[in-house]
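Novice: quick check, what structure comes out for this input:
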Amino acid sequence: MNRYRELVVVLLAAVALGSVVDQASCRTWSVERDGSADFPTIPQAMLAVTAGDTILVGEGRYNEVILFEAAGITTETHIPVSVDNLTILGVDRDLVIVGPLVPNIQTLGPRGVAIDGASGTHVETMTFENLRDGLFVTGEAVLRNLRIADCRIGVAIFSSPAVQASQLEVHDCSQIGVVSGTGTGTLVFQDCSMSNNFVGFDFNGTANVRLDRVTVMGGTGGFGLAEGIEGVVSESLFDGQSNGAVAVASGSSLQLLSSTVRNTGYGVWVSGRSYLFGSENRVSGTSFATIRMWNNSVAEFNGNDLLKGGGPLVRTQGYAEEPIVDINLSGNYWGTADADSISAWIEDGNDSHHPILDPNYSNVIFEPFLTRPVPVAKSSFGTFRSRY
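Specialist: Numbers count the residues shown, from 1 in each chain. A predicted model of the protein is given here:
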């Protein structure tokens, strides 16, 4: 079974679990600020729901909270979820707002949604702002058409079997747009945009991560994998990160496909015996290095446009012991047809190093190379499936 099908199977399994509900007993509850519905506040509705119910939330700002324990931590929460197969649906993304008008910088404020181990949760068509965490997820969830702004963390996911997110707009979070932690299974993000978060995506200790058609603008870091994650990023844009756009660390692997990285510190940084594969990407406008390979990491990164910025095209470091590690960057376009220039712009074990203080047993393979840019035509999602 290929990796794409594995991801689909996991998500379909989550949906199947959510379908094991007595539909006859399910109910739709309505919330309206003016008291014309079942409840005037969301926490009141949450106290009434049972598995399989739907909460339809009307226009307005909702700032009421209750104390709720999720993942062993009790905090004020606007929407606490502890029952399975619950749907929370706003009538308009920009007119249904959860959170205070201004952030509480003393206590970090409450959480927007906290899902404590529940499966089959759907959260759709709402705004979360000025919160400690926009959404805190420790169960299976589908997140769709959400705006998350001015939070500490936009979406925090821990020990969750599967989360599928689409049409998320996350911006101006003081720490991280989306973060995951140890024990998390499969995460899929599609058609999402991130802007001006300190860090965009920071995935740790998660089995599989997939991003399709995602835009990350600004911040210090764009996208990171760590602790043995297998990741795929396709048809995405990373622009304006001051430190680095894409980072792959501590035994992780990334397939980067048909994406653009520009105007960043480091373009792609691969470290800790990690692996980089990809094609049809364009990396340009970097300040420090276009590609940085560190600590015995390897690559088969071919058929890309890799253009020199303020630093070297490729910088290797941390290959301190023999045997020599080959880094396969052949078949790329480097912005020139002159092999000597390309070689001069690559810093690897073929350059002068102190044999004791700074050994470097790495060899960047850049030949044969392309003499003109790669024709980058965006692949359709269906075409990409057949590759993976």
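
Novice: contacts only, for residue 243.
Specialist: Neighbouring residues of residue 243 by C-beta atoms under 8 Å, 6 or more residues apart in numbering: 220, 221, 264, 265, 266. No exception for glycine: its C-beta is placed from N, CA and C like everyone else's.

Novice: roughly how far does residue 170 sit from residue 61?
Specialist: Distance, residue 170 to residue 61, by C-beta to C-beta, to the nearest Å: 19 Å.

Novice: comparing these two, which residue is more hemmed in?
Specialist: Taking other C-beta atoms under 10 Å, residue 170 and residue 61 do not tie; residue 170 has more neighbours (28 against 14).

Novice: the helix or strand in which that one is found: what's the following helix or strand?
Specialist: Element membership for residue 170 (DSSP states H and E) is strand 162-171. Next along the chain after strand 162-171, taking DSSP H and E as the criterion, comes strand 176-180.

Novice: now the very next helix or strand once past that next one: average pLDDT?
Specialist: Under the assignment DSSP H and E, the closest C-terminal helix or strand after strand 176-180 is strand 184-190. Taken as a whole, strand 184-190 carries a mean pLDDT of 98.

Novice: the nearest residue to residue 284 once chain neighbours are set aside: neighbouring residues, count only.
Specialist: What sits nearest to residue 284 in space, not counting adjacent residues and going by C-beta to C-beta, 6 or more residues apart in numbering, is residue 307, at 4.1 Å. By other C-beta under 10 Å, the residues close to residue 307 number 20.

Novice: check the one 3 residues further on too.
Specialist: By other C-beta under 10 Å, 11 other residues sit near residue 310.

Novice: any stretches of the stretch 101-250 of the chain with poor pLDDT?
Specialist: The model of the stretch 101-250 of the chain has pLDDT under 70 over residues 105-107.

Novice: about what we covered before: with just CA atoms, put the strand holding residue 170 into PDB.
Specialist: Taking C-alpha atoms only, strand 162-171 is exported to PDB below (Å, rounded to 0.1, in the frame of the first residue of the first chain):
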ATOM      1  CA  ALA A 162      -5.900  11.800  12.800                       C
ATOM      2  CA  VAL A 163      -6.700  15.400  12.000                       C
ATOM      3  CA  GLN A 164      -7.800  16.700   8.600                       C
ATOM      4  CA  ALA A 165      -7.800  20.400   8.100                       C
ATOM      5  CA  SER A 166      -8.800  22.500   5.100                       C
ATOM      6  CA  GLN A 167      -9.300  26.200   4.400                       C
ATOM      7  CA  LEU A 168      -7.700  27.400   7.700                       C
ATOM      8  CA  GLU A 169      -6.500  30.900   7.800                       C
ATOM      9  CA  VAL A 170      -4.000  31.400  10.700                       C
ATOM     10  CA  HIS A 171      -2.300  34.600  11.400                       C
END
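
Novice: that one: partners in the sheet, and parallel or antiparallel?
Specialist: strand 141-149 (parallel), strand 184-190 (parallel), strand 193-195 (parallel) (DSSP bridges).

Novice: so which of those gets nearest residue 322?
Specialist: When the strands paired with strand 162-171 are compared for distance to residue 322 using C-beta to C-beta, the nearest one is strand 184-190, at 37.0 Å.

Novice: excluding chain neighbours, what is closest to residue 221?
Specialist: The nearest residue in space to residue 221 (C-beta to C-beta, 6+ apart) is residue 199, at 4.4 Å.

Novice: now do the one you found against residue 352, distance only.
Specialist: Taking C-beta to C-beta, one finds residue 199 at 36 Å from residue 352.

Novice: could you report the neighbour count for residue 250?
Specialist: 16.

Novice: which residues touch it?
Specialist: Per C-beta under 8 Å, 6+ apart, neighbours of residue 250: 226, 227, 228, 271, 272, 273, 274.

Novice: next, it: secondary structure please.
Specialist: coil (DSSP: H, G, I helix; E, B strand; the rest coil).

Novice: hang on, isn't residue 108 packed against residue 150?
Specialist: No: proximity of residue 108 to residue 150 does not meet the contact threshold set by C-beta atoms under 8 Å, at 11.9 Å.

Novice: first-to-last residue distance for stretch 229-247?
Specialist: Taking C-alpha to C-alpha, to the nearest Å, stretch 229-247 runs 12 Å from one end to the other.

Novice: what lines up beside the helix or strand in which residue 290 is found in the sheet?
Specialist: Assessed by DSSP H and E, residue 290 sits inside strand 289-294. Here strand 289-294 is paired, per DSSP bridges, with strand 266-270 (parallel), strand 314-317 (parallel).

Novice: so for the longest one, mean pLDDT?
Specialist: In other words, strand 266-270. 98.

Novice: which helix or strand lies directly C-terminal to that strand?
Specialist: Counting by DSSP H and E, the next helix or strand C-terminal to strand 266-270 is strand 275-279.

Novice: partners of that next one, with directions?
Specialist: When DSSP bridges is applied, strand 275-279 pairs with strand 253-257 (parallel), strand 298-301 (parallel).

Novice: to residue 66, which of the ones you listed lies closest?
Specialist: Proximity to residue 66, assessed across the strands paired with strand 275-279 by C-beta to C-beta, is greatest for strand 253-257 (40.5 Å).

Novice: figure out how far the closest one is from the centre of its chain.
Specialist: Mean-position distance between strand 253-257 and its chain equals 13 Å (C-alpha atoms, centre = their mean, to the nearest Å).

Novice: next: stretch 36-44.
Specialist: Distance, centroid of stretch 36-44 to centroid of chain: 34 Å (C-alpha atoms, centre = their mean).

Novice: restricting to C-alpha, output it in CSV.
Specialist: Output in CSV follows, covering the C-alpha atoms of stretch 36-44 (Å, rounded to 0.1, in the frame of the first residue of the first chain):
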residue,chain,number,x,y,z
SER,A,36,-34.1,33.3,20.4
ALA,A,37,-32.6,29.7,20.0
ASP,A,38,-32.1,26.8,22.4
PHE,A,39,-29.2,28.5,24.2
PRO,A,40,-27.7,32.0,24.3
THR,A,41,-24.2,30.8,24.9
ILE,A,42,-22.0,27.9,23.6
PRO,A,43,-21.0,26.5,27.0
GLN,A,44,-24.6,26.0,27.9
